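**Q** Turn this into a structure:
(one chain, ligands or ions: 1)
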Amino acid sequence: MLHLKLQASLQAAVRAVLPDADTTAILVRPCPDARHGDYQSNALIPLAKQRKLNPRQLAEQVKAALDVTELCDAVDIAGPGFLNFRIRPAALAAVLQTAARGEHLFFAKARQPRTVVIDFSSPNVAKPMHVGHIRSTGIGDSLQRVFRLLGHRVITDNHIGDWGTQFGKLLLGWKQILDRDALARDAIAELERLYKVINADCDATPARLEEAKQELVKLQAGDAENTAVWQEMIRVSQAQFDTIYGRLGVKFDHALGESFYNPQLGPVVDDLRARGIARESEGAVGVFSDGSMPQKSDPFLVNRDGEWIPDPALVRKSDGGFNYMTTDLATVDYRLRTWSPDEIVYVVDDRQAPHFRKLFLTFARWQPEAAAKVKLVHVGFGKILGEDGKPFKTRSGDTVKLGDLLDETEERALKVVTEKNPDLPEAERKEIARVVGLGAVKYADLLPNRQSDYQFSWDKMLALQGNTAPYLLYAYTRLRSIRRKCEEHSAGGGQRSAVSLNVPEEIALAKQLMNFGLVLEAVAEEYRPNFLCNYLYDLAGLFARFYEGCPVLKAEGAERATRLLLCELTGRVLKQGLDALGIETTEHM
Ligand code: ARG
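**A** You can find the predicted model right below:
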C-alpha cells in the first residue's frame, strides 16, 4: 500500500535526523485537500514541539533525508510543518498491477490481529423483530464483516432475551388461551396476543397477576412442564428470527441467550457483595457510586431538584429476582473466560447508553485486572423516523414488523426493476428485486452517522440516482457488462500490456482505489460503516466520470489495457465493499 510505503520511508528519515525518536506515531494519511497533495503527514509538528525544535526546520531536515523519488513527484512542506506528498502516476500503475496479479485488493490484513466479540441483533423471545432491529443487525453484521476482512478473529454472539418476568404471563396464556392453529401460522404473533390478553387481565384483576406470578415461580424453580413450554416458546421464536436472518444473510457464531447465564447470577451477586462492590438497600441489592468521579459524569447518581441522589445499578430485586445488569455482568465474565477477547462490542441503541456505562464501570470495579486487558465498547445508534419525522409506525400506529418491511421493500424494488427491464423473465426480475430491495434498506440504514436519527423513505432509498444502494449496484452491473464485452472482443486471451495512467480521470479513479484499506481500517477503528458507504459512493462517482471521459472498449494498446484494468479493479472493490456492508450484487439490473 502506497501510504504504508511512504510511512516507512518517512519513519526512516525521521530516525536519520533524530536517532532516538519513537517513530511509531509517524503516520501518513490521505491529504484532506487534494489540491495540496495525495497524502499528508502532520506528525512532525508534535514531535518538534516535544523537543522544542522549530517544526518547519525539522520538516526541512526530514525532507532532505527522505528518499521517495520512486513514489512521489513532489514532497512539499506546508503550513506549520505538514509534509504533503504527490504520488507519481507510475507508482499508482505499479500498485494496480500488483492488485491485478491478485496480491491484494488495496488493503492489508492487520499486523496484530485482535480477538473481537460482537454482540448484536439480540431480539427478545415472544416479540416480533421490528424495524428497529434492522439497525443493530445491519450495523453489527457490517462491523463483523469488516473486522474479519481485516484479519481479526471475530466471535459473534446473539444475546437473545429469553428470560424475564414476562414468561409468567406468557405461561399462563399458553395454558389457558393458546390457539394452536394461530401458533402454527405465526407463532410470535400468537405469543404476542397471549401476552397482551393476560397482561390486560392482570392489570384488572390482582388474582390473575398472582396466578401469573405463580407460573413464573414454578419456571424459576425448574418445574418440568413450565420449562418445556418455555423452551417451546424459545424454539418457535428462534425459528422466526432465523427466517429473517436467512433473508438478511446474517449468521451468528453463538446465540447464548440471557437464560444461559442463570446459574451464574447468584454467585455474581454474592461475589459483588463479598468484595463490597454491591450492597443491600431497601431489600434489593445494587452497586452505588464509589465517589471516584465528578458527580456530573457519575452514572450512579442522578440530579433531583438540584440534589445528587443515588441511581444504583440493581443486581438483585427485592423479590430475589435478578436484573438485566446481573446477566450482563455474568456475560462479560463468561466471554472473557471463554474467548479471551481484546475487545467486546455491543451494538445496541443509544437509549441503553446509561446501562452500558454502568456495566463497564461496575465490571472494572469487580474485576480490575481483567478489565484492564479488554476494551468494552457500546456502539450506539439513533432511531428510525417516519417521513413525518416521528418514530416510524404503520398507518394504524403499530410498530413496523421487520418481515413485513422486507416484503414491502422487495415489492417496491420489483416495480423499479420492471420499469427498467420490462422484458426480463419474472423470476429474474424478482431475484434482482430481492437483491436491490434488501440492499436499499440496509444501505439506507448504514449511510447516516449511526448516532443520528434518520427518516425512512422508500422513494429515497430505491432511487437510482444519489447515494443509494441501487445507484451502486447499477454501477456494478455496468462494470460487469464492460467486462463481458471485453471478453467477447478478445475471446479470453488478450496479452497483458504495460499499464500507464495519463488522463486525470484515470488517475483520480486509481487514487480512490488506493484508499480502500484506509477506509476499512477507519470503519473498524470507529465502528462506523457509513465511512465505507461514502467511500463507495465516491468511487462510483469517479468511475462514472472516468467512463464518460475515457473510451474503454474503443481504446487500443496500453490505453485499453489500463482502462480495462481500472474497470476490473473498480468492480472488485465495489463488490468487496458492498459485501462488507452485507449487500449482495447482481449481474444485471
Ligand atoms: N435484548 C435486549 C433488548 O432488546 C438487547 C440486548 C443487548 N445486548 C446485551 N448484552 N445487553 O433491549
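
**Q** any residues touching stretch 365-378, and which ones?
**A** With contacts defined as Cβ atoms under 8 Å, 6 or more residues apart in numbering, stretch 365-378 is touched by 271-272, 275, 277, 287, 290, 329, 332-333, 336, 341-346, 348, 352-353, 356-357, 359-360, 363-364, 527. Every C-beta, even on glycine, is put in place using the N, C-alpha and C of the backbone.

**Q** Please pick the buried ones from the residues you listed.
**A** 271-272, 277, 287, 329, 332-333, 336, 341-346, 348, 356-357, 359-360, 363, 527 (16 or more other Cβ atoms under 10 Å).

**Q** rewinding a little: show only the entries of the contacts of stretch 365-378 found in strands.
**A** Val287, Glu343, Ile344, Val345, Tyr346 (DSSP state E).

**Q** rewinding a little: so which of the contacts of stretch 365-378 are also by the ligand?
**A** Tyr346, Val348 (Cβ under 6 Å from any ligand atom).

**Q** what's around the residue of the stretch 401-550 of the chain found nearest the ligand, how many residues?
**A** Residue nearest to the ligand within the stretch 401-550 of the chain: Leu402 (13.2 Å; Cβ to the nearest ligand atom). Look at Leu402: counted by other Cβ atoms under 10 Å, it has 22 neighbours.

**Q** can you pull the contacts of the residue of the stretch 1-150 of the chain found nearest the ligand?
**A** Across the stretch 1-150 of the chain, no residue is closer to the ligand than Ser122, which sits at 3.7 Å (Cβ to the nearest ligand atom). Contacts of Ser122 were listed using Cβ under 8 Å, 6+ apart, and they are Ser136, Asn158, His159, Ile160, Gly161, Val348.

**Q** how does it look with 10 Å?
**A** 133, 136-137, 140, 157-161, 252, 255, 257-258, 346-348 (Cβ atoms under 10 Å, 6 or more residues apart in numbering).

**Q** of the residues you listed, the lowest pLDDT goes to which?
**A** Least confident of these in the model: His133, at 93.

**Q** Can you name the residues of this protein sitting close to the ligand?
**A** So the chain meets the ligand at Asp119, Ser122, Asn124, His159, Gly161, Asp328, Thr331, Tyr346, Val348 (Cβ under 6 Å from any ligand atom).

**Q** what's the pLDDT at Gly132?
**A** Model confidence at Gly132 (pLDDT) stands at 87.

**Q** List phi and psi for it.
**A** Dihedral pair for Gly132: phi -60, psi -30, per degrees, to the nearest 10.

**Q** my guess is it contacts Lys393, does it?
**A** No. Using Cβ atoms under 10 Å, Gly132 makes no contact with Lys393, being 11.3 Å away.

**Q** of these two, who's got more company?
**A** Per other Cβ under 10 Å, whichever of Gly132 and Lys393 has more neighbours is Gly132, with 18 against 15.

**Q** what about the residue nearest to the more buried one when sequence neighbours are not counted, neighbour count?
**A** Among residues not flanking Gly132 along the chain, Ile384 sits closest, at 6.4 Å (Cβ to Cβ, 6 or more residues apart in numbering). When neighbours are counted by other Cβ under 10 Å, Ile384 registers 20.

**Q** Isn't Ile384 up against Met461?
**A** No. Here Ile384 does not reach Met461: they are 11.7 Å apart, not a contact under Cβ under 10 Å.

**Q** okay, and the common contacts of these two?
**A** Ala444, Asp445.

**Q** Do a quick rundown of the helices in the stretch 51-200 of the chain.
**A** Along the stretch 51-200 of the chain, the stretches classed as helices by DSSP state H, counting those that start in this stretch are 55-65, 89-100, 133-149, 166-177, 180-185, 187-204.

**Q** for the stretch 251-400 of the chain, that is, sorry about that
**A** Under DSSP H, counting those that start in this stretch, the stretch 251-400 of the chain gives helices at 262-274, 324-339, 353-366, 368-373.

**Q** and the first one, how far from the chain's centre?
**A** The gap between where helix 262-274 is centred and where its chain is centred comes out at 33 Å by Cα atoms, centre = their mean, to the nearest Å.

**Q** begin at 355 from here
**A** Yep, numbering from 355; the last one is helix 616-628 now.

**Q** buried ones in that helix?
**A** Gln618, Leu619, Val622, Val623, Asp625, Leu626.

**Q** For Gly620, list the residues it contacts.
**A** So Gly620 contacts Arg670, Gly674, Phe676, Thr680, Ala684 (Cβ under 10 Å, 6+ apart).

**Q** Give me the buried entries from those residues.
**A** The buried subset of the contacts of Gly620 - by 16+ other Cβ under 10 Å - is Arg670, Phe676, Thr680, Ala684.

**Q** Bridging across strands, which residues link to the first one?
**A** Okay, so that is Arg670. Under the criterion DSSP bridges, Arg670 forms beta bridges with Val639, Phe676.

**Q** Is it in contact with Gly640, as I believe?
**A** Yes. With contacts counted by Cβ under 10 Å, Arg670 reaches Gly640, the gap being 8.1 Å.

**Q** what's the overlap in contacts for those two?
**A** Residues touching both Arg670 and Gly640 (Cβ under 10 Å, 6+ apart): Leu626, Ala632, Glu634, Asn677, Met679.

**Q** Could you find the closest non-adjacent residue to the first one?
**A** Going back to what we said before, that points to Leu626. For Leu626, ignoring the flanking residues on the chain, the nearest one in space by Cβ to Cβ, 6+ apart is Ala632 at 3.8 Å.

**Q** now swap in the fourth one and tell me
**A** Distances taken as Cβ to Cβ, 6+ apart put Leu668 closest to Asn677, at 4.8 Å, once the chain neighbours are dropped.

**Q** count of neighbours near the one you found?
**A** Leu668 is flanked by 19 other residues according to other Cβ under 10 Å.

**Q** quick one on the thing from earlier: closest to Leu356 among the ones in strands among the contacts of stretch 719-732?
**A** Glu697 (28.5 Å; Cβ to Cβ).

**Q** Can you name the residues bridging to that closest one?
**A** Bridge pairing for Glu697 - DSSP bridges - gives Val470, Lys729.

**Q** And it, how close does it get to Leu381?
**A** Relative to Leu381, Glu697 is positioned 21 Å away (Cβ to Cβ, to the nearest Å).

**Q** Likewise for Leu818?
**A** Distance, Leu818 to Leu381, by Cβ to Cβ: 38 Å.

**Q** I figured Gly603 was touching Lys796, is that so?
**A** Yes. Assessed by Cβ under 10 Å, Gly603 is found in contact with Lys796 at 9.4 Å.
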